[in-house]
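S.K.: dropping the sequence and predicted coords here.
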Amino acid sequence: MELGYTRVSTRGQKADSQIARLEAAGCEKIFVDLGYSSRLEDRPEWNKCREIQRDGDRLTIPALDRVAGTDTIALSVMRDHAERGVKFRSLDEPWMDIDPSTAMGEAMLKIMATLAHLRVALIRENTMRGIEFARSQGRFGGRPTVMTPERIAVAKQMRAEGKSFESIARVLDVGSSSVSRALARAEELDAS
């Protein structure tokens, strides 16, 4: 059987393009984990995928980093599939069609796993570099706050009058957590 597997790291991400690639590659059954790191070996859909695999099946993945976030996990996954007679194919790494039961295959697998690990590490470094730069420019991640300076002024006044966060939120048409965060931040700034 032609099986496919992919995953995305956060529930907000979509796997549609990865699924389309697996379908185009001929996968009959596709398993998708949403919101799981490749550094976790215990993922619900990954476990289901492994349970139904039989000798002679082929597992197709978009890229090695969809399955394994470390070289150790990659080696373990490749060995496990080879021992069970399941062929392993990566759409992004066509050179992965190797036999890890041979000395040369084992060496190639280690090299490829290391390169996959390097790719993940470089993405992480670049992301952190971008975040640090944005912070140095006064920008922070996430959505812009709904609490404008005008709303904060109104919230401060209402709070001084003894109003609850919930009643302030209703008047300002925002969430109560937005009100409490904004007032806490304003209080910190006023204290410094």
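M.R.: Sure, I can see it.
S.K.: now do the domain split for the protein, please.
M.R.: Here the domain parsing of the chain from automatic domain parsing is 2-133, 149-191.
S.K.: can you give me the end-to-end distance of the longest one?
M.R.: To tie it back to what came earlier, the one meant is domain 2-133. 44 Å (CA to CA, to the nearest Å).
S.K.: and that domain, what's its mean pLDDT?
M.R.: For domain 2-133, mean pLDDT is 86.
S.K.: just how off-centre is that domain within its chain?
M.R.: Domain 2-133 has its C-alpha centroid displaced from the chain centroid by 13 Å (CA atoms, centre = their mean, to the nearest Å).
S.K.: from now on call the first residue 47
M.R.: OK, 47 is where the count begins now, so the last one is domain 48-179.
S.K.: if I look at residue 57, how far off is residue 95?
M.R.: Going from residue 57 to residue 95 by CB to CB, to the nearest Å gives 19 Å. Using the backbone N, CA and C atoms, a C-beta is placed for each residue, glycine as well.
S.K.: equivalent analysis for residue 126, please.
M.R.: 12 Å.
S.K.: and these two? Which one has more around it.
M.R.: residue 95 (22 against 14; other CB atoms under 10 Å).
S.K.: where's that one, which helix or strand?
M.R.: helix 90-98 (DSSP states H and E).
S.K.: now swap in residue 150 and tell me
M.R.: helix 149-182.
S.K.: following that helix, which helix or strand comes up?
M.R.: Next helix or strand after helix 149-182 toward the C-terminus (DSSP H and E): helix 195-206.
S.K.: got the contact list for that following helix?
M.R.: 193, 211, 213, 214, 217, 218, 220, 225, 228, 229, 232 (CB atoms under 8 Å, 6 or more residues apart in numbering).
S.K.: again with stretch 175-184
M.R.: With contact meaning CB under 8 Å, 6+ apart, stretch 175-184 is reached by 186, 187.
S.K.: tell me how many other residues surround the nearest residue to residue 187 once chain neighbours are set aside.
M.R.: Among residues not flanking residue 187 along the chain, residue 177 sits closest, at 6.7 Å (CB to CB, 6 or more residues apart in numbering). Residue 177: 13 surrounding residues under other CB under 10 Å.
S.K.: thinking again about what came up before, in TSV, list the domains of the chain along with distance to residue 189.
M.R.: Output for those, formatted as TSV (distance: least, CB to CB, whole Å):
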stretch	distance to residue 189
domain 48-179	12
domain 195-237	10
